[in-house]
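predicted coordinates and the sequence they were generated for:
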Amino acid sequence: MIPERLVNWVVFAGLLAVPLWAIVVDEPFTITLVTRAVILAIAAVGLNIALGIGGLVSLGHAVFFGLGGYAMGILAYHAQTYTSLDLFGMSFAGTKAMPIIWLVAVVVSGVAASIIGLLSLRTSGVYFIMITLAFGQMFYYFAISWSTYGGEDGLSIYVRNGFPGLNTLVPIQFFGLCFVLLCVVLFLSARLQNAPFGLALNAARQVPTRVETVGLNPMRLKLVAFVISGAITGLAGALFADLNRFVSPTMFSWQLSGELIVLIIIGGVGRLFGPVIGACLFVALEHWLGALTEFWHVYLGLILLAIVLFARGGIIGLLTGKEGAHV
Amino acid sequence: MSTLLIIEQVLNGLQFGVMLFLMAAGLTLIFGVMGLINLAHGSLYMIGAFAAAAVAGATGSFVLALAAALAVAAIAGALIEMTVIRRLYGKAHLDQVLATFALILIFSEGTRWLFGSFPLFLEIPDYLSGPITLPGGIQYPLYRLALIAVGLLVGLGLWALIERTRIGIQIRAGENDREMIAALGVDIRLLYTLVFAIGAALAGLAGALVGAIQSVQVGMGEPVLILAFVVIVIGGIGSIKGAFIGALLVGMTDTLGGIFLPEVFKLFMEPGAATQTGSALASMAIYILMSLVLIWRPTGLFGARA
Amino acid sequence: MSDPILATRDLCKNFGALTATDSVSIDLKAGEIHAIIGPNGAGKSTLITQICGGLRPDSGSVHLLGRDVTTDSTQARAQAGLGRTFQISALAMEDSVLENVVLGALGASGNPWRFWSRAMSDRSLTAKADAALERVGLIEHRNTRCAELSHGQRRQLEVAVALTLSPKAFVMDEPMAGLGAEGSKLLTGFLDELRAEAPILLVEHDMDAVFALADRISVLVYGQVIASGTVDEIRQSHAVRNAYLGEEG
Ligand SMILES: Nc1ncnc2c1ncn2[C@@H]1O[C@H](COP(=O)(O)OP(=O)(O)OP(=O)(O)O)[C@@H](O)[C@H]1O
Ligand SMILES: [Mg+2]
């Protein structure tokens, strides 16, 4: 059996090698495809903090993905139309600078996650699942009915936002940016998992009563995990919107929330690289199967069923021969 | 704003509510007895609608169409219970979510493959179409009135089934103590399949009934499923009574909110902005209602206290 | 006599028609082991859970170090100095033995909000955890996964986690269960010394251990304290014999 560390390094190297190879053979579309996988991986790494370590089955993470997307969309829209954004009686200018957009995306989705988390964490189990799903739907309908920013049609951003010193319209440069962010987020997530906070959160998932008896508050641990998780997924949303230069209410859809969980399961729950492998596989399946048949979701469904019923550890579990750390 | 309009909207809310109840009742029953969260319940709703549209198209009979919706959804429900769902009892919620999410993907694409991407239309039969004059001179569509009646009748039937029959006793026993009913010699596998099929049939019926006033298309089930979840969160998991009250609350809030909130905002805003703010807020009304219930009573109005 | 470290006053709890705790007033003084005995289903665990904050009593109060903590959360009581072990192990089964005890040390430190440093490289946490494992005799299993421990070892681990909190009072729910004769003897010796550090409210079915350790015994039957006294008083009590010990001869 293959050690997990080796699997991780192979995936890491693969993520770098494929786009470089795509430059050599001049296939920019492949770079875009890998960039898409990298961005979805960032979102899933975020979700994995809540789901994998904290055990919070959030079926509403598209909320944060969408908020990140709209943070980008709205800021860039005001910049490209030279209008100001009026909020709480104050007037802000739009921006096309990625670092500022990312910051806004992270803050907005973090705040949303703390409100949704506070409400949802009053309950647990199935209630939590249903409530997060419902909040996702709320944002979806809100985005549809809010016609200032395109309503159902969404918002198009004509020129990709900029990053100092880079030409983000060149696919490989934008890829590089996303890849670095993925590395940062992975590193952060690894540190967090091994830190005192991760230890306590991990225990709060397994035995909340024990965590209470040693004087810690499991709900507060889970809430903080949910906020960090939402903020990271929000960052991914901003990048995703920039990749497509388009945002629409579908970024809030329940399908997307479901797919983010699916990514993690395909890769392996609670594993550092689970979301990354899952995202790569998902994008590959979408691309190859989607080219073969219009109905590729049927196959995705069957694969998913097989994994849930027979291969709990996901791909990493299969490769390393370990069922996965989690029950 | 006239009283007539208000009464009409209240009836619309009632109609929406009882249809939500058909969905929520099945979901909450399945959760109460088997402890399963079933995301694919919306697919069964869709299957009912498609079965009805196909049979109505072939035979022209609305009654046959409804019978087909009930039968096909119940059979589909029993089949997935025996092949997939059965393996999920007692498993982690995450597994249940994923497996039933997979079922949604399979059913949605399968239906698209069979029927194509264009919506089908299910005609309201002549004897139910057109408006009817209610006491007080209110004109109201007869079909919608029929939906309210059917919904209430099914609710009554469900109550009778659970409170008054042997199967009902077994179902209630199953909610309280799984080992006990096994010890009583009840075939628990059969009971579970039956409960799942009943839930599926209710969803299928709702799909067919609503299909006649909206279009029948792939993906029609999930928005209703999520509303049914809101209903259950409000009413309390496992409680049929909670599902009923929750469904009416959600139906009313959504319908009346959409009509009246923009009007309310017009009282102190200019009309354009009022309509926009009002309708945006109306789209969030039921979720705000859900949040309030959560703050007040985290396990729902009729859920078991923790 | 000094003020009790831990006390309950007229504690009552009903589950529907069942009275699980019936006006229970007990206390725990510095340096003593107060044993609670009683038949299965007498309400011992329910009492413990109310003392530690997992269940809210219907009426009555709980006092810790002279302060009314009846409405305090479990974690507030733990921070105030209550160290509990569970009858049914509440341990992170996927984690190693050491990680479980480090969690206790982390709780004692009161600051889980550290997102960067490695928990298992933090000497202030691991040293405390190792010391606790050493004391209960689990040190050679420190890297074993908790799920692989025997039933008795899990009981020892429960005690080790409680030790890391350096509590003002221990509340232990059947720590001897599943230990076997040898293990019980070791743990009996350990608890005997431990009472000097903090008094122990001890729920236990193992009568040899109870008679060897207890300074006082309270007998709980159908949620009620039917007798309370020294080991000799309880041994000779007719009420206790009839209600409880009588069954065992
Ligand atoms: N959450 C609950 N809901 C309803 N009844 C409960 C609950 N918890 C305990 N009981 C009941 O209360 C009674 C006392 O239970 P408890 O666990 O406190 O007994 P115990 O003395 O610890 O027994 P044992 O020696 O078996 O550990 C039992 O009849 C039990 O079934
Ligand atoms: Mg007990």
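Sure thing, it's come through. Ligands and ions are numbered 1, 2, ... in the order given.

just the helices in the chain please.
Chain wasn't specified; assuming chain A. Assigned by DSSP state H, the helices in chain A fall at A:4-24, A:28-48, A:62-81, A:98-120, A:125-145, A:171-194, A:196-206, A:208-213, A:218-244, A:254-267, A:274-292, A:296-310, A:314-320.

try chain B instead
Ranges of helices in chain B, per DSSP H, are B:3-34, B:41-59, B:62-83, B:93-115, B:142-164, B:166-176, B:178-183, B:188-211, B:221-235, B:240-266, B:271-296.

least confident of those helices, on average?
When the helices of chain B are ranked by mean pLDDT, helix B:178-183 comes last with a mean of 70.

gap between stretch B:211-229 and the chain center?
9 Å (C-alpha atoms, centre = their mean, to the nearest Å).

go on, stretch C:21-29?
For stretch C:21-29, the distance to the chain centre is 15 Å (C-alpha atoms, centre = their mean).

mean confidence for that stretch?
Stretch C:21-29 shows a mean pLDDT of 94.

is ligand 1 within reach of it?
No - shown here: stretch C:21-29 not in contact with ligand 1 (C-beta under 6 Å from any ligand atom), separated by at least 8.1 Å. C-betas here are computed from N, CA, C, even on glycine.

right, is that stretch up against ligand 2?
No - contact of stretch C:21-29 with ligand 2 (C-beta under 5 Å from the ion) is absent, the minimum separation being 12.4 Å.

before we move on, the earlier item: which among the helices of chain A is found nearest to B:Phe31?
helix A:125-145 (6.6 Å; C-beta to C-beta).

just the angle between that closest one and helix B:221-235, please?
120 degrees (axes from the mean of the first three to the mean of the last three C-alpha atoms, to 10 degrees).

residues of helix A:125-145 that come out buried?
Buried residues in helix A:125-145, counting neighbours by 16 or more other C-beta atoms under 10 Å in any protein chain shown, are found at A:126-145.

near ligand 2, which residues of chain C?
C:44-45, C:87.

save those as CSV, and put in neighbour count too.
Output for the residues of chain C next to ligand 2, formatted as CSV (neighbours: other C-beta atoms under 10 Å in any protein chain shown):
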residue, neighbour count
C:Lys44, 24
C:Ser45, 19
C:Gln87, 18
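
quick check, pLDDT for C:Gly246.
51.

ok, and of the buried residues of helix A:125-145, which contact chain B?
A:126-127, A:129-131, A:133-135, A:137-138, A:141-142, A:144-145 (C-beta under 8 Å from any C-beta of the partner chain).

and the two most separated of the residues you listed?
A:Val126 and A:Ser145 (28.6 Å).

ok and the residue in chain C nearest ligand 2?
C:Ser45 (3.0 Å; C-beta to the ion).

ok, longest strand in chain C?
As assigned by DSSP state E, the longest strand anywhere in chain C is strand C:6-15.

that strand near chain B at all?
No - using C-beta under 8 Å from any C-beta, strand C:6-15 stays clear of chain B, coming no nearer than 11.9 Å.

who touches the helix or strand following that strand?
With elements assigned by DSSP states H and E, the helix or strand that comes after strand C:6-15 is strand C:18-24. By C-beta atoms under 8 Å, 6 or more residues apart in numbering or on different chains, the surrounding residues in contact with strand C:18-24 are C:8, C:10-14, C:43, C:46-47, C:50, C:57, C:60, C:220, C:222-225.

the residue nearest to the spatial centre of chain C is in what secondary structure piece?
For chain C, the residue nearest the mean C-alpha position is C:Met172 (1.5 Å; C-alpha atoms, centre = their mean). Using DSSP H and E, C:Met172 sits within strand C:169-173.

packing partners of that strand?
helix C:44-52, strand C:82-85, helix C:151-164, strand C:200-203 (3 or more C-beta pairs under 8 Å, 6 or more residues apart in numbering or on different chains; DSSP states H and E).

surely the residue of chain C closest to ligand 2 touches C:Val203?
Yes - using C-beta atoms under 8 Å, C:Ser45 makes contact with C:Val203 at a distance of 7.1 Å.

measure C:Leu163 to A:Lys96 for me?
To A:Lys96, C:Leu163 is 58 Å away according to C-beta to C-beta, to the nearest Å.

okay, buried residues for the helix or strand containing C:Ala181 please.
Under the criterion of DSSP H and E, C:Ala181 resides in helix C:180-194. For helix C:180-194, a neighbour-count test (16+ other C-beta under 10 Å) marks C:183-184, C:187-188, C:190-191, C:194 as buried.

show me what contacts A:Ala62?
Contacts for A:Ala62 (C-beta under 8 Å, 6+ apart) come out as A:136, A:139-140, A:251-254, A:256-257, A:260.

ok, A:Phe64 - contacts?
Contacts of A:Phe64 by C-beta under 8 Å, 6+ apart are A:46, A:109, A:112-113, A:229-231, A:233-234, A:237.

can you list these in JSON lines and add pLDDT?
Output for the contacts of A:Phe64, formatted as JSON lines (pLDDT from 0 to 100):
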{"residue": "A:Gly46", "pLDDT": "97"}
{"residue": "A:Ser109", "pLDDT": "98"}
{"residue": "A:Ala112", "pLDDT": "98"}
{"residue": "A:Ala113", "pLDDT": "98"}
{"residue": "A:Ser229", "pLDDT": "98"}
{"residue": "A:Gly230", "pLDDT": "98"}
{"residue": "A:Ala231", "pLDDT": "98"}
{"residue": "A:Thr233", "pLDDT": "98"}
{"residue": "A:Gly234", "pLDDT": "98"}
{"residue": "A:Gly237", "pLDDT": "98"}
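
near chain C, which of those residues show up?
Of those, not one also sits near chain C (C-beta under 8 Å from any C-beta).

buried among those residues? Need that as a selection in PyMOL.
Here is the PyMOL command that selects only those of the contacts of A:Phe64 that count as buried (16+ other C-beta under 10 Å):
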select buried, chain A and resi 46+109+112+113+229+230+231+233+234+237
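
nearest to B:Phe118, of the contacts of A:Phe64?
Of those, the one sitting nearest to B:Phe118 (C-beta to C-beta) turns out to be A:Gly237, at 31.9 Å.

how about the closest one: what's its closest non-neighbour residue?
A:Gly68 (2.6 Å; C-beta to C-beta, 6 or more residues apart in numbering or on different chains).

my read: the one you found touches A:Ser109, true?
Yes - between A:Gly68 and A:Ser109 there is a contact under C-beta under 8 Å: 5.5 Å.

re earlier: okay, the contacts of A:Ala62 in CSV with pLDDT next?
As requested, the contacts of A:Ala62 are exported to CSV (pLDDT from 0 to 100):
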residue, pLDDT
A:Gly136, 93
A:Phe139, 95
A:Tyr140, 95
A:Met251, 96
A:Phe252, 96
A:Ser253, 95
A:Trp254, 94
A:Leu256, 96
A:Ser257, 96
A:Leu260, 96
